[in-house]
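> missing the sequence, but the structure's below:
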């Protein structure tokens, strides 16, 4: 119990206290201590990578060996990852190498397309969100429409009222971004800041222990 | 129109169209593209992890910096302890490495969260009132919006009476903020879609569009 639960809690408390204190002591030693921690953190993270890759191969190899539904796609994933390793070993990682070409013309292209696919699905989400069932939902709808029109040239073209000295859609969208949106985001950021502050304190003081696992 | 027969462009077009088949329904072509991007992404990350982290940040300092490099054996041992998660009997040892990084991370967050997320935001909200009338109105609008938004997020007191009224103003600001974010996201996704269409029309089909 002492080695499995108490010691990790003591390490968390000491490290948390020391790293918080380090911020308030501006000296070369303090800065060197901080830099050393960053180097150490990277080295520990390297082994976190080992866990990640192990998990990836274990899950997919398990699916292939058990002939689970769609196991063929797991095999494709394994082969593609090995192909990248072989490509890097044979041709290096420089610009124009097989490794980079494979990445740019497959993974990068697929990722960009998947994200662009969301343009279609966000439209159906917009339909649900934009049904102005209350005045507050109508405010959301109006802000979104103004923002969309304000980001494209048509926003200025349809702003016929500018001849009477009123602001164009582009100007209104900029105002929404700079004023009400800024106020809302700032309230959220302040809330997040206070929340992360409390969560850090709970971890350092050993109140929050979920990272230790169940056993 | 001149169709580009470069093998890489053809591959990219194939995968682009494969992903768009998902608009019809989930199908083997989409699943193939999905597993390819998972595999290629994992292989890319693996190679970069080996070269940029293992070699550059661990092996090179360890073998070239002498005593200063040997110190890295300590975090390496902690890292190895993290790997013990694979073996259930020794999995508890990974808690030491986790405790080290989580403790340090929490300690680092404490002053920095106060500085960046609380104090800086408060400074930025304390806006001057000795400006033009329009400036005063805008600044007041921001101050009221931030306070009302914060009050809306305060759930320890029931949103009733004056408190509830201010929280309601906070909802208005938040709705406009979310609307603006939503509109911005839609436009960003559309811009990506236009990028993919342009790739097919210009890079693959060789159309002179503009």
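Right, received. Where do you want to start? What you see is a predicted model, and the numbers here were worked out from it, not measured in a lab.
> what does the worst-scoring helix or strand of chain A on mean pLDDT contact?
Sorting the helices and strands of chain A by mean pLDDT, DSSP states H and E puts helix A:109-130 at the bottom, at a mean of 84. Contacts to helix A:109-130, defined as C-beta atoms under 8 Å, 6 or more residues apart in numbering or on different chains, come from residues A:137, A:140-141, A:144, B:11-12, B:15-16, B:19-20, B:22-23, B:33-34, B:36-37, B:41, B:182, B:185-186, B:189-190, B:192-193, B:195-196, B:199. Using the backbone N, CA and C atoms, a C-beta is placed for each residue, glycine as well.
> buried set for that helix?
For helix A:109-130, burial by neighbour count (16 or more other C-beta atoms under 10 Å in any protein chain shown) applies to A:109-119, A:122, A:126, A:129-130.
> residue contacts, residue B:78?
So residue B:78 contacts A:40, A:44, A:47, B:96, B:97, B:100 (C-beta under 8 Å, 6+ apart).
> next, the residue of chain A positioned farthest from its centre: phi, psi?
In chain A, the residue that sits farthest from the middle, by C-alpha atoms, centre = their mean, is residue A:164; the gap is 44.6 Å. The phi/psi pair for residue A:164 (degrees, to the nearest 10) reads phi -100, psi 10.
> same thing with residue A:168?
Backbone phi and psi, for residue A:168 under degrees, to the nearest 10, turn out to be phi -80, psi 170.
> how far away is it from residue B:191?
Computed with C-beta to C-beta, to the nearest Å, the distance linking residue A:168 and residue B:191 is 21 Å.
> who's more crowded, these two?
Ranked by neighbour count (other C-beta atoms under 10 Å in any protein chain shown), residue A:168 and residue B:191 place residue A:168 first, with 18 against 13.
> tell me where chain B has helices.
Per DSSP state H, chain B carries helices over the ranges B:7-20, B:28-48, B:60-64, B:67-70, B:73-83, B:94-112, B:120-125, B:133-152, B:161-198.
> about what we covered before: now, which of the buried residues of helix A:109-130 sits nearest residue B:61?
residue A:111 (33.0 Å; C-beta to C-beta).
> pLDDT score for the nearest residue to residue B:114 once chain neighbours are set aside?
Of all residues not flanking residue B:114 in the chain, residue A:197 sits nearest, at 6.3 Å (C-beta to C-beta, 6 or more residues apart in numbering or on different chains). Note on residue A:197: pLDDT of 92.
> wait, residue A:197 sits on residue B:112?
No. Counting by C-beta atoms under 8 Å, residue A:197 stays clear of residue B:112, with 9.7 Å between them.
> which of these two has more residues huddled nearby?
With neighbours defined as other C-beta under 10 Å, residue A:197 and residue B:112 compare such that residue A:197 has more, 19 against 16.
> the more buried one in helix, strand or coil?
Assigned by DSSP: H, G, I helix; E, B strand; the rest coil, the conformation of residue A:197 is helix.
> contacting residues for it?
B:109, B:110, B:113, B:114, B:117, B:118.
> rerun at 7 Å
B:110, B:113, B:114 (C-beta atoms under 7 Å, 6 or more residues apart in numbering or on different chains).
> what's the closest non-adjacent residue to the first one?
Right, residue B:110. residue A:20 (4.5 Å).
> neighbours of the one you found, just the number please.
Residue A:20, neighbours per other C-beta under 10 Å, totals 20.
> mind listing what's buried in the helix or strand harbouring it?
Element membership for residue A:20, per DSSP states H and E: helix A:7-23. If you call a residue buried by 16+ other C-beta under 10 Å, then helix A:7-23 has these buried ones: A:8-9, A:11-17, A:19-20, A:22-23.
> now the helix ranked longest in chain A against helix B:94-112, angle please.
Longest among the helix segments of chain A by residue count, using DSSP H, is helix A:28-65. Orientation check (axes from the mean of the first three to the mean of the last three C-alpha atoms, to 10 degrees): helix A:28-65 against helix B:94-112 gives 130 degrees.
> got the buried residues for helix A:28-65?
Of all the residues in helix A:28-65, those buried under the rule 16+ other C-beta under 10 Å are A:37, A:39-51, A:56-57, A:60, A:63.
> what helices and strands are in contact with the helix or strand following it?
Downstream of helix A:28-65, the next assigned helix or strand under DSSP H and E is helix A:71-91. Judged by 3 or more C-beta pairs under 7 Å, 6 or more residues apart in numbering or on different chains; DSSP states H and E, helix A:71-91 is in contact with helix A:28-65, helix A:98-102, helix B:28-48.
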